[in-house]
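J.: Sequence first, predicted model second:
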Amino acid sequence: MDIQTEKMSLIKRLEQVNDLSLLQALKHMIDFGLQKEEEHISIEQYNNELGEAETEMDRGEFINHEDLKEEMKKW
């Protein structure tokens, strides 16, 4: 398969996903993959992202290890 075919196949599969946590995880993976190796974030940006992650955790926006293992069984 060529890259365009792979992209279209992935888009079709994403349209079927109804799990917000899975979509967010995929988004983070794609964002990470799009960063070029030579691109580095500043200490300030790094700290901001850590603060945002801590805030999300405080709001309960996370999945624990055991629940994730159970969720993965459904994939």
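T.: Looks like it came in fine.

J.: Off-centre distance for the helix or strand Leu68 falls within?
T.: Taking DSSP states H and E as the definition, Leu68 sits inside helix 65-72. On the basis of CA atoms, centre = their mean, to the nearest Å, helix 65-72 is displaced by 16 Å from the centre of the chain it belongs to.

J.: Would you mind pulling the contact partners of it?
T.: With CB atoms under 8 Å, 6 or more residues apart in numbering as the test, helix 65-72 has contacts from 19, 21-22, 63. For glycine as for every other residue, the C-beta is placed from the backbone atoms N, C-alpha and C.

J.: do stretch 49-63 as well
T.: The contact list for stretch 49-63 (CB under 8 Å, 6+ apart) reads 21, 41, 71.

J.: mind giving me the domain split of the protein?
T.: As recorded under automatic domain parsing, the domains making up the chain are 1-40, 41-75.

J.: Let me have those domains in JSON lines, extended by mean neighbour count.
T.: Shown next, in JSON lines, are these (neighbours: other CB atoms under 10 Å):
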{"stretch": "domain 1-40", "mean neighbour count": "9"}
{"stretch": "domain 41-75", "mean neighbour count": "10"}
